[in-house]
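> One predicted model, sequence on top.
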Amino acid sequence: EDCAAVRKASKAAVHVTQGEVAEMSRSLSTEKMDREEVLSLLRRLSVALAPLRDQRLVEALRRTGAGKAVNRYSRVEDAEVAHFAS
């Protein structure tokens with residue numbers, strides 16, 4: 001499932017717009033990002049989506065494409081990136 005890839009953040013949530021989440025998702029979908037850029041975007045998405053629960057989270061992930069983008073990184077060889085994305 002798309003939303004299984006989003007890790008719950010233990011940090012305080014920050015307000016972001018749906019457009020900002022979609023932009024982070026598009027950035028994650030870009031080929032050839034370096035490891036630190038990927039981790040930074042995964043962290044930002046995690047914090048931004050942390051306040052959403054249940055159906056609201058699923059809807060946000062589907063609407064913005066973030067679920068698929070993050071899920072892609074849960075299958076990479078880099079253990080830290082894969083762990084953070086799972």
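Here it is on my side, so go on.
> Report all helices and strands that the helix or strand of the chain with the lowest mean pLDDT contacts.
When each helix and strand of the chain is scored by mean pLDDT, DSSP states H and E, helix 54-64 comes last, with a mean of 79. Contacts defined by 3 or more Cβ pairs under 8 Å, 6 or more residues apart in numbering; DSSP states H and E place helix 54-64 against helix 18-29, helix 35-49. In this view, the C-beta of every residue, glycine as well, is placed from N, C-alpha and C.
> For the ones you listed, give me a markdown table that also has mean pLDDT.
Converted to a markdown table, those look like this (pLDDT from 0 to 100):
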| stretch | mean pLDDT |
| --- | --- |
| helix 18-29 | 85 |
| helix 35-49 | 85 |
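> and the closest residue in space to G65 that isn't next to it in sequence, how many neighbours?
Excluding the flanking residues, the one nearest G65 by Cβ to Cβ, 6 or more residues apart in numbering is S25, at 4.6 Å. Using other Cβ atoms under 10 Å, S25 has 20 other residues around it.
> and the least confident helix or strand of the chain, which residues are buried?
The neighbour-count check on helix 54-64 (16 or more other Cβ atoms under 10 Å) flags 57-58, 60-61, 64 as buried.
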